[in-house]
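In: what follows is a predicted structure for the sequence shown.
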Amino acid sequence: MSTRPLLALACCLLLALAGCAAAPGGPSTAATADGTPSAPPGSAGTPATVAPPADGLHVTVVEVVDGDTVRFEYENGTTDTARLLGVDTPEIYGENTPDEFEGVPDTEAGRACLDEYAERASAYTKNRLLGEEVTLAFDANEPRRGYYDRLLVYVHHDGGSFNYALVDRGLARVYDSSFERGDSFYAAEERAMAAGRGLWTCRDGTPGPAGADETTATASATATVTASDAGDGIVIARVHADAEGDDGENLNDEYVVLRNRGHEAVDLSGWTLTDAAGFTYEFPDGASLAADATVTVHVGSGDDTESDLYWGRSRPTLNNDGETVTLRDANGAVVAERST
């Protein structure tokens, strides 16, 4: 038998297979509404990083649905909905289930407390993000879209991770999944629980005092708490968020004052100050605070001295409408916290 028919048949089979590989229904690289290639079915999307990726999506938030869901507008004018990855704020439109929040009692008081924090989380997200340009990033371990076809994203705003800030402020629990940033989020949740911040006050069935998680400031600052032996005596004496005149033109009049009420100097090397949005200042090596002395951390730039340190921010940072600043020692333990 001639081999030519066999060769012809083989060629036909190869062409047919190639046609099947390119047939509709296979993985698509068509552009999504944002102009970027769509992820193939089952794809994990782009890898997540701590900082906003250079190729992250730049969008504008046009509506806040609740604390962990927003609608946004792409640069081409189309809109979409995003669900924040790794976090879960109490429900504002549905019934809250206390069992989902560790230690919150399944009682009328517990549910009422979570309802209160649903409103606070929504107000916080609206206050921080509505009308703002943000950067969206995806996670290698999570699909591009989830329930209701919402994008699953990390939201980066002004250099900080908004998802992380919700957990750190006690306005959200960590949503159990395989997302890449789980370790840091769970650590923030543990600290918020230990400090009794935000919704974790619901474990007593009573909302805590209003702070930076709301759009308005309280009449007076909350009491400073000390939770670290290493920082015994260190308090946040003042948070001055509203600089004189234009905040952007007077950054160093936004400041935080620490006072050492103890009897010995305290080494501040590696300590951090964090605001409600997650922006963090790290004290330089060798920084210390003498007994019965103060040090002022200014938001702007300048030359550090024993009494004045400079965050180095290029824009206003402390929120005039209510701010919470947390001081942690070099091991990450909360030393003091103050709200305005």
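Out: Perfect, I can see it now. Numbering: from 1, shown residues only.
In: what about Glu75, how many residues nearby?
Out: By the criterion of other Cβ atoms under 10 Å, Glu75 has 12 neighbours. Where C-beta positions appear, they are placed from N, C-alpha and C, glycine not excepted.
In: retrieve the pLDDT associated with Val134.
Out: In this prediction, Val134 carries a pLDDT score of 94.
In: and if you look at Ala48?
Out: 30.
In: again, but for the one 5 residues further on
Out: pLDDT, the model's per-residue confidence, is 64 for Pro53.
In: going forward, the N-terminal residue is numbered 14.
Out: Renumbered: residue one is now 14, and that last one reads Pro66.
In: elements contacting whichever strand or helix holds Val248?
Out: Element membership of Val248 [criterion: DSSP states H and E] is strand 247-253. On a contact count with 3 or more Cβ pairs under 8 Å, 6 or more residues apart in numbering; DSSP states H and E, strand 247-253 meets strand 268-273, strand 337-341, strand 347-352.
In: switch the ones you listed over to CSV; also include distance to Thr318 and mean neighbour count.
Out: What follows is these, written out as CSV (distance: least, Cβ to Cβ, whole Å; neighbours: other Cβ atoms under 10 Å):
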stretch, distance to Thr318, mean neighbour count
strand 268-273, 14, 22
strand 337-341, 19, 25
strand 347-352, 22, 23
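In: just checking, Arg328 touches Gly173?
Out: No - taking contacts as Cβ atoms under 8 Å, Arg328 lies outside contact range of Gly173: 12.0 Å.
In: more neighbours, these two?
Out: Gly173 (21 against 11).
In: what's the spacing between that one and Phe296?
Out: From Gly173 across to Phe296, the span is 19 Å (Cβ to Cβ, to the nearest Å).
In: now do the helices in this protein.
Out: Assigned by DSSP state H, the helices in the chain fall at 17-34, 121-142, 175-181, 195-208.
In: quick one: buried residues of the shortest one?
Out: Neighbour counts over helix 175-181 (16 or more other Cβ atoms under 10 Å) mark 175-181 as buried.
In: could you give the average pLDDT over it?
Out: Computed over helix 175-181, the mean pLDDT rounds to 92.
In: dump it to PDB, restricted to CA.
Out: Provided in PDB are the C-alpha atoms of helix 175-181 (Å, rounded to 0.1, in the frame of the first residue of the first chain):
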ATOM      1  CA  PHE A 175      -7.100  50.000  52.000                       C
ATOM      2  CA  ASN A 176      -8.000  46.400  52.500                       C
ATOM      3  CA  TYR A 177      -5.300  46.100  55.200                       C
ATOM      4  CA  ALA A 178      -6.500  49.300  56.900                       C
ATOM      5  CA  LEU A 179     -10.000  48.000  57.300                       C
ATOM      6  CA  VAL A 180      -8.700  45.000  59.200                       C
ATOM      7  CA  ASP A 181      -6.100  47.000  61.200                       C
END
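In: can you name every helix or strand that it contacts?
Out: Helix 175-181 packs on strand 92-97, strand 100-101, helix 121-142, strand 164-170, helix 195-208, going by 3+ Cβ pairs under 8 Å, 6+ apart.
In: between those, which gets nearest to Ala150?
Out: Evaluated over the helices and strands packed on helix 175-181, closeness to Ala150 peaks at strand 164-170, with 4.5 Å, by Cβ to Cβ.
In: mind listing what's buried in that closest one?
Out: Neighbour counts over strand 164-170 (16+ other Cβ under 10 Å) mark 164-170 as buried.
In: between those, which is nearest Thr353?
Out: His170 (20.7 Å).
In: low-confidence ranges in this protein?
Out: For the chain, applying pLDDT under 70 flags the ranges 14-68, 218-245.
In: can you pull the contacts of the residue nearest to Arg274 when sequence neighbours are not counted?
Out: The shortest distance from Arg274 to any non-neighbouring residue, by Cβ to Cβ, 6 or more residues apart in numbering, is to Gly246 (4.6 Å). Gly246 is in contact with 239, 273-277, 279, 304, counting by Cβ atoms under 8 Å, 6 or more residues apart in numbering.
In: go again using 7 Å as the cut-off
Out: Listed by Cβ atoms under 7 Å, 6 or more residues apart in numbering, the contact set of Gly246 reads 273-275.
In: TSV for those residues, including distance to Thr339?
Out: Compiled in TSV, these are given as follows (distance: Cβ to Cβ, whole Å):
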residue	distance to Thr339
Asn273	17
Arg274	18
Gly275	19
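In: fine, thanks again, bye for now.
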